[in-house]
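I would like to see how this sequence folds:
(one chain, ligands or ions: 1)
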Amino acid sequence: MRYVSTRGAAATVGLSGAIAAGLAPDGGLYVPEAMPRVDMPRSPGSLAGTAAHMLEPFFAGDPLAMELPAICAEAFAFPAPRRELRIDRAYLLELFHGPTAAFKDFGARFLAACLVRLRRDADRPLTILVATSGDTGAAVGAAFDGVPGMRVAILYPDQRVSPRQAHQLGSFGDNVRALRVAGSFDDCQRLVKAALGDATLQADVPLSSANSISLGRLLPQMAYFGRAALSATQRMNTIVPTGNLGNAVACLWAREIGFPIGDVVFACNANETLPEFFAGRPYRARDAVATIANAMDVGAPSNFERLRHLFGGDEATRLHGHAESVDDAEIRDTIHRHAAADGEVFCPHTATGIRVLERLRMAGDEREWTMAATAHPAKFDTIVEPLIGREVEVPDALKAMLERESLAEPMAADSRVFSEWLRGWQ
Ligand SMILES: *Cc1c(COP(=O)(O)O)cnc(C)c1O
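So this is what the prediction gives:
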């Protein structure tokens with residue numbers, strides 16, 4: 001399989017090239033030159049096995065192809081069960097059983113498994129830079145924790161992530177370091193961009209990034225949607241809590257290659273870029289507004305170009321998708337009401353999807369729906385617990401991480417200070 005840029009002005013590359021590069025040289029995102037069709041397995045099988053089967057055509061012809069089963073075994077080391085909710089004709093696809101209790105664990109571990117193989121013969125370590133407002137940094141840190149030849153610098157805005165998130169970010173081994181930046185998330189992103197664009201620095205310290213546009217994170221996310229669809233008795237209509245459209249595009253790609261996925265609805269928080277677009281207005285990127293579903297606080301969804309490329313233009317895209325906006329008051333109400341009525345407890349992101357289901361029911365939709373549960377509610381205890389009036393039980397993996405020591409170093413929001421810090425990292 002060859003990969004082309006969504007902007008069409010870059011040479012095609014193989015999978016390894018696309019994973020190593022991140023962004024295409026013309027500023028676009030890499031997508032498969034043509035979407036393959038994949039034979040449906042008779043039964044769902046293991047998650048790792050389904051992943052290897054689904055991804056085979058995407059790896060065809062690449063040096064990593066032979067290692068795909070091993071990569072999948074490393075990345076899909078925990079389950080993604082689809083369970084029936086105590087809500088009528090509704091299922092939850094639980095994507096939070098990994099070490100940091102959010103779906104990003106799958107993509108981060110898959111990317112790590114690919115990169116470590118691509119760097120096997122390198123004589124110097126590769127340093128991955130991640131700017132994070134919480135979940136991404138933890139998933140990437142956990143995925144690369146202790147991986148030989150790889151280092152991670154996590155940059156997060158000091159005092160602006162939840163206490164549990166901050167603890168997680170600083171809890172990894174020596175090759176993963178957390179920097180609490182005196183500034184905002186945008187300042188963190190600026191430092192990362194400046195470092196990645198600094199050729200002199202890169203000559204001294206090889207750098208890469210691990211953001212949500214990476215094919216190495218996007219491709220594996222198809223697997224849990226595909227496997228869940230095989231376990232459903234009818235085409236799986238799916239609601240995906242959405243920020244940068246990474247999970248949602250993966251779900252649509254799984255449908256495109258032939259898995260039995262039906263309608264796909266994007267549940268957004270108060271950031272209305274996508275709901276407006278799907279309501280017929282022109283696409284307009286903007287600054288994000290802060291919400292209690294903070295991992296979805298995105299005003300310019302980075303995978304939008306992939307969505308538009310998949311369907312070929314704005315009008316065609318609108319025919320194939322639908323997006324709804326759910327505000328903080330509705331998120332709170334949804335969490336509170338379900339905990340009281342049926343004992344189901346959702347994280348704020350997952351609650352946007354539940355709310356969208358309720359709207360569909362109000363509009364007369366009687367079909368079966370599956371909601372992606374993107375994080376465990378225990379990760380957002382300071383929001384969820386006051387709403388449900390009790391403690392949320394913490395999953396074992398998260399508990400283990402919270403019991404480790406945690407250390408973060410202060411960092412000025414100054415790219416010269418940051419590049420000197422990188423040079424000094426031995
Ligand atoms: C990242 C994240 C999202 C948004 O996913 P995208 O792929 O960016 O659309 C939703 N929920 C949680 C918990 C997340 O961490």
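
for the ligand, what is the nearest residue in the stretch 1-150 of the chain?
Asp135 (3.5 Å; C-beta to the nearest ligand atom). Placement of C-beta: from N, CA and C, glycine included.

thought that residue was touching Phe96?
No - the criterion here is C-beta atoms under 8 Å, and Asp135 misses it with Phe96 at 10.4 Å.

overlap in contacts of those two?
102, 375, 379 (C-beta atoms under 8 Å, 6 or more residues apart in numbering).

what parts of this structure come near the ligand?
102, 104, 135, 212, 241-248, 295-296, 349, 374-375 (C-beta under 6 Å from any ligand atom).

try it again with 5 Å
For the chain, the residues in contact with the ligand (C-beta under 5 Å from any ligand atom) are 102, 135, 241-244, 246-247, 295-296, 349, 374-375.

could you verify that Ala267 is part of a strand?
Yes - assessed with DSSP: H, G, I helix; E, B strand; the rest coil, Ala267 lies in a strand.

quickly list what it is bridged to.
Pro241, Glu324 (DSSP bridges).

list the contacts of Met150.
For Met150, counting by C-beta under 8 Å, 6+ apart, the contacting residues are 112, 115-116, 119, 125-126, 128, 144, 175.

go again with 10 Å.
Neighbour list for Met150: 112, 115-116, 119, 122, 125-128, 143-144, 175-176, 208 [criterion: C-beta atoms under 10 Å, 6 or more residues apart in numbering].

quick check, pLDDT for it.
pLDDT for Met150: 95.

also Leu360?
98.

of the shared contacts of Asp135 and Phe96 - the most surrounded one?
In terms of neighbours by other C-beta atoms under 10 Å, the shared contacts of Asp135 and Phe96 top out with Lys379 at 28 neighbours.

what is the burial count for the residue lying closest to that one once chain neighbours are set aside?
Excluding the flanking residues, the one nearest Lys379 by C-beta to C-beta, 6 or more residues apart in numbering is Ala101, at 5.0 Å. Using other C-beta under 10 Å, the number of residues around Ala101 comes to 29.

distance check, Ala101 against Thr317.
32 Å (C-beta to C-beta, to the nearest Å).

ok, back up a step: looks like the residue of the stretch 1-150 of the chain closest to the ligand contacts Ala102 (just checking).
Yes - look at Asp135 against Ala102 with C-beta atoms under 10 Å: they come within range, at 4.7 Å.

which helices and strands does the helix or strand containing Thr370 pack with?
Element membership of Thr370, judged by DSSP states H and E, is strand 369-373. Packed against strand 369-373, as judged by 3 or more C-beta pairs under 10 Å, 6 or more residues apart in numbering; DSSP states H and E, are the following elements: strand 82-84, strand 90-94, helix 221-231, strand 236-241, helix 246-256, strand 261-268, helix 348-362.

what residues of the first one count as buried?
The one in question is strand 82-84. By neighbour count on 16 or more other C-beta atoms under 10 Å, the buried set for strand 82-84 is Arg82.

each with direction, which strands does that strand pair with?
By DSSP bridges, strand 82-84 pairs with strand 90-94 (antiparallel).

now the helix or strand following the strand it pairs with: mean pLDDT?
Once strand 90-94 ends, the next helix or strand along the chain (criterion: DSSP H and E) is helix 104-118. Helix 104-118 carries an average pLDDT of 96.
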